[in-house]
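Participant: Got a predicted structure plus its sequence, pasted below:
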Amino acid sequence: MESENSKNISRRGFIGTSALALGGFTIVPAHAVSGLGRIAPSDKLNIAGIGIGGMGRVDLEDVSKTENIVALCDVDWNNSVQNVFKTYPGAQRYKDYRVMLDKQKDIDAVIVATPDHTHAIVSMEAIRRGKHTYTEKPLTHTVFEARMLTEAARKYKVATQMGNQGQAGDGPRRLQEMIHDGAIGTIQEVHVWTDRPNRGLSDTYWPQGVKRPDDTPPVPDTLDWDIFTGPAPLRPYHPSYHPFRWRGWLDYGTGALGDIGCHSFDSVFRILKLKYPTSVQGTSTLVNGESFPLGSMVTYDFPARGDMPPLRLIWYDGGLRPPRLAEMGTDIQMGAGGVLYIGSKGKILGNRLLPESLNESYKRPEPYLESSPGHRQEWILAAKGGEPAGSNYEWAGPLTETVLLGNIALRPELREKLSYQSLQFDPEKLSFPNMPEADQFLHYEYRNGWKL
């Protein structure tokens, strides 16, 4: 069943329509809340895992401490998936999530840890059936999908959470207390960086900046390549795409920014009360229209928020990073990845104040932000009638949209025009008013037989 808003949507059909307003988030209790102690068997959620060979396996391990794992689904029954099957011998096994959701009626909630390009269609199927849904980051493959999932979660009143686990940690809470205490004054600039897709000087996590392979090896007997492909264009199978190495390809992944952005941006957004940027600019190594560049920089500009001034957020990947500051001296490493806040009275690198004199003299406030029961436990408690999880889709949707806007600013088709102007974003109309030709990259036409 399709929602009215998603009928007949194509790459052109949705452009220019008014965006759906982001309202309140309400959860209909599925069970009585049992608290943070032992949960009686009758209170346990029946959870299904979809995409269980990688991060999905970790998610299942965590929730299985308190809940029931009743179904397991993966398009590739390879050795890693077989090991997960052995861990939960009582769970039913599937290759097609649609068959699983149609057939198995005892499922209360699902964990979606498939490749990025199928996050939205799998999560939407679960949400429309009233299943509480946990989706790994980034929430979706396209900006439009993120907006639609946010609206659907609100409409169907299910508990949701995106898998950016760091948001539940105490570190970001202590950082927020310091910044709101005025530790470094007014903040107008933040730098965020990662070395991904690099792993080292001669190795990578996944291929980027490469063209498609020419050879066509046979599809492994364990893999359903058609379901893996899902809404993306159907291409010949190749191990350069699966397993895991899909992340660097435009068809399947969201590159280094999609991989890390929803983690690294989260605390920046919470602390500085960000939502949508007004503009985005991108620059990168050479791009080819098939895979993400080897390295890139993306600059987001955000408007003033209350008493907070406009903010510039700059992203770096592929080993690029901001220049060293004089305050760092020679003993402070910037690291392979990090976040640097630039304030009117000082700077913060990680949780360290700069200059060193400020780090030594500043008295940190007594902790007052309550600790999380755990990232996945937030979702479980929400599904049982508790408070919305910290990264529910009302939060994660706009965060994901912002991350993915950066990838649009890196598109090779826009490279020439974006060399002399920034890409202006209108979140209400979900469009780029100064560059309408960029609207097509907010979504794409799905392959026949697949829908949102």
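Facilitator: Cool, got the structure.
Participant: Show me where the stretch 351-452 of the chain has its helices.
Facilitator: Using DSSP state H, counting those that start in this stretch, the helices of the stretch 351-452 of the chain run over 356-361, 375-383, 393-408.
Participant: repeat for the chain
Facilitator: Along the chain, the segments classed as helices by DSSP state H run 55-63, 79-87, 97-103, 119-128, 143-156, 170-180, 225-229, 255-272, 356-361, 375-383, 393-408.
Participant: could those helices be laid out in a markdown table, adding mean neighbour count, distance to Gly163 and mean pLDDT?
Facilitator: In this view, the C-beta of every residue, glycine as well, is placed from N, C-alpha and C. Formatted as a markdown table, those follow (neighbours: other CB atoms under 10 Å; distance: least, CB to CB, whole Å; pLDDT from 0 to 100):
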| stretch | mean neighbour count | distance to Gly163 | mean pLDDT |
| --- | --- | --- | --- |
| helix 55-63 | 19 | 7 | 97 |
| helix 79-87 | 15 | 17 | 97 |
| helix 97-103 | 17 | 17 | 98 |
| helix 119-128 | 24 | 10 | 98 |
| helix 143-156 | 24 | 14 | 98 |
| helix 170-180 | 17 | 16 | 97 |
| helix 225-229 | 19 | 20 | 98 |
| helix 255-272 | 23 | 8 | 97 |
| helix 356-361 | 12 | 33 | 95 |
| helix 375-383 | 24 | 8 | 97 |
| helix 393-408 | 26 | 9 | 98 |
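Participant: any idea of the pLDDT on Asn351?
Facilitator: With respect to pLDDT, Asn351 scores 88.
Participant: that older thread, how about a markdown table for the helices of the stretch 351-452 of the chain, with distance to Pro213 added?
Facilitator: Output for the helices of the stretch 351-452 of the chain, formatted as a markdown table (distance: least, CB to CB, whole Å):
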| stretch | distance to Pro213 |
| --- | --- |
| helix 356-361 | 50 |
| helix 375-383 | 37 |
| helix 393-408 | 22 |
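Participant: quick one: which of the ones you listed is nearest Gln208?
Facilitator: Set against Gln208 and scored by CB to CB, the helices of the stretch 351-452 of the chain come closest in helix 393-408, at 12.0 Å.
Participant: elements contacting the closest one?
Facilitator: Using 3 or more CB pairs under 8 Å, 6 or more residues apart in numbering; DSSP states H and E as the contact criterion, the neighbours of helix 393-408 among helices and strands are helix 143-156, strand 160-163, helix 255-272, strand 279-284, strand 296-302.
Participant: Of these, which is nearest Tyr444?
Facilitator: Each of the helices and strands packed on helix 393-408 was checked against Tyr444 via CB to CB, and the shortest separation belongs to helix 143-156, namely 9.0 Å.
Participant: what separates that closest one from the chain centre, distance-wise?
Facilitator: 14 Å (CA atoms, centre = their mean, to the nearest Å).
Participant: swap in stretch 238-251?
Facilitator: In terms of CA atoms, centre = their mean, the gap separating the centre of stretch 238-251 from the centre of its chain is 17 Å.
Participant: Could I get the CA-only coordinates of it as CSV?
Facilitator: Taking Å, rounded to 0.1, in the frame of the first residue of the first chain, the C-alpha atoms of stretch 238-251 are listed here in CSV:
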residue,chain,number,x,y,z
HIS,A,238,30.8,-7.8,-9.2
PRO,A,239,32.7,-8.2,-5.9
SER,A,240,33.6,-4.5,-6.2
TYR,A,241,30.0,-3.9,-5.1
HIS,A,242,29.3,-6.7,-2.6
PRO,A,243,29.9,-7.5,0.2
PHE,A,244,30.4,-4.1,1.9
ARG,A,245,32.3,-2.4,-0.9
TRP,A,246,29.0,-0.9,-2.2
ARG,A,247,29.5,2.2,-0.1
GLY,A,248,31.6,4.1,-2.6
TRP,A,249,29.3,3.7,-5.6
LEU,A,250,26.6,6.3,-6.3
ASP,A,251,24.1,3.5,-7.1
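Participant: what's the average pLDDT for that stretch?
Facilitator: The average of the pLDDT scores along stretch 238-251 is 94.
Participant: contact partners of that stretch?
Facilitator: Contacting residues not belonging to stretch 238-251 are listed as 53-54, 76, 78, 80, 115-117, 197, 205-208, 210, 212-213, 215-217, 223, 228, 232-233, 235, 252-255, 258-259, 289-292 [CB atoms under 8 Å, 6 or more residues apart in numbering].
Participant: List the residues that contact the nearest residue to Asp76 once chain neighbours are set aside.
Facilitator: Nearest in space to Asp76, with sequence neighbours left out and distances taken as CB to CB, 6 or more residues apart in numbering, is Leu223 at 4.3 Å. Taking CB under 8 Å, 6+ apart as the criterion, Leu223 is in contact with Val75, Asp76, Asn78, Tyr237, His242.
Participant: The third one touches Thr222, doesn't it?
Facilitator: Yes: at 4.8 Å, Asn78 and Thr222 qualify as touching, with contact defined as CB atoms under 8 Å.
Participant: Next, Pro243: phi, psi?
Facilitator: Dihedral pair for Pro243: phi -90, psi 150, per degrees, to the nearest 10.
Participant: Which member of the contacts of Leu223 is positioned nearest Arg174?
Facilitator: Using CB to CB, the shortest approach to Arg174 within the contacts of Leu223 belongs to His242, at 39.6 Å.
Participant: For that closest one, grab phi and psi.
Facilitator: Geometry field for His242 lists phi and psi as phi -150, psi 140, criterion degrees, to the nearest 10.
Participant: tally of neighbours for it?
Facilitator: Burial of His242 is recorded as 21 neighbouring residues (other CB atoms under 10 Å).
Participant: With the one 3 residues further on instead?
Facilitator: Neighbours of Arg245 under the rule other CB under 10 Å: 18.
Participant: Over to Arg196?
Facilitator: Neighbour count for Arg196, taken as other CB under 10 Å: 22.
Participant: Equivalent analysis for Glu189, please.
Facilitator: In terms of burial, Glu189 registers 14 neighbours under the definition other CB under 10 Å.
Participant: want to throw the contacts of Leu223 into TSV with distance to Leu404?
Facilitator: As requested, these are exported to TSV (distance: CB to CB, whole Å):
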residue	distance to Leu404
Val75	24
Asp76	26
Asn78	29
Tyr237	26
His242	22
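Participant: what's the spacing between Met435 and Ser422?
Facilitator: As defined by CB to CB, to the nearest Å, Met435 lies at a distance of 9 Å from Ser422.
Participant: same question, Thr204
Facilitator: Look at Thr204 and Ser422: by CB to CB, they are 30 Å apart.
Participant: what about dumping the CA coordinates of stretch 265-280 to PDB?
Facilitator: What follows is the C-alpha trace of stretch 265-280 in PDB, where atoms were taken according to Å, rounded to 0.1, in the frame of the first residue of the first chain:
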ATOM      1  CA  PHE A 265      27.300  16.000  12.700                       C
ATOM      2  CA  ASP A 266      24.900  14.800  15.400                       C
ATOM      3  CA  SER A 267      26.500  16.500  18.400                       C
ATOM      4  CA  VAL A 268      27.100  19.700  16.400                       C
ATOM      5  CA  PHE A 269      23.400  19.800  15.400                       C
ATOM      6  CA  ARG A 270      22.200  19.200  19.000                       C
ATOM      7  CA  ILE A 271      24.600  21.700  20.700                       C
ATOM      8  CA  LEU A 272      24.200  24.500  18.100                       C
ATOM      9  CA  LYS A 273      20.500  23.900  17.400                       C
ATOM     10  CA  LEU A 274      20.900  23.300  13.700                       C
ATOM     11  CA  LYS A 275      18.400  21.900  11.200                       C
ATOM     12  CA  TYR A 276      18.500  22.800   7.500                       C
ATOM     13  CA  PRO A 277      21.300  24.800   5.900                       C
ATOM     14  CA  THR A 278      20.600  27.700   3.600                       C
ATOM     15  CA  SER A 279      23.400  26.800   1.200                       C
ATOM     16  CA  VAL A 280      25.900  24.200   0.500                       C
END
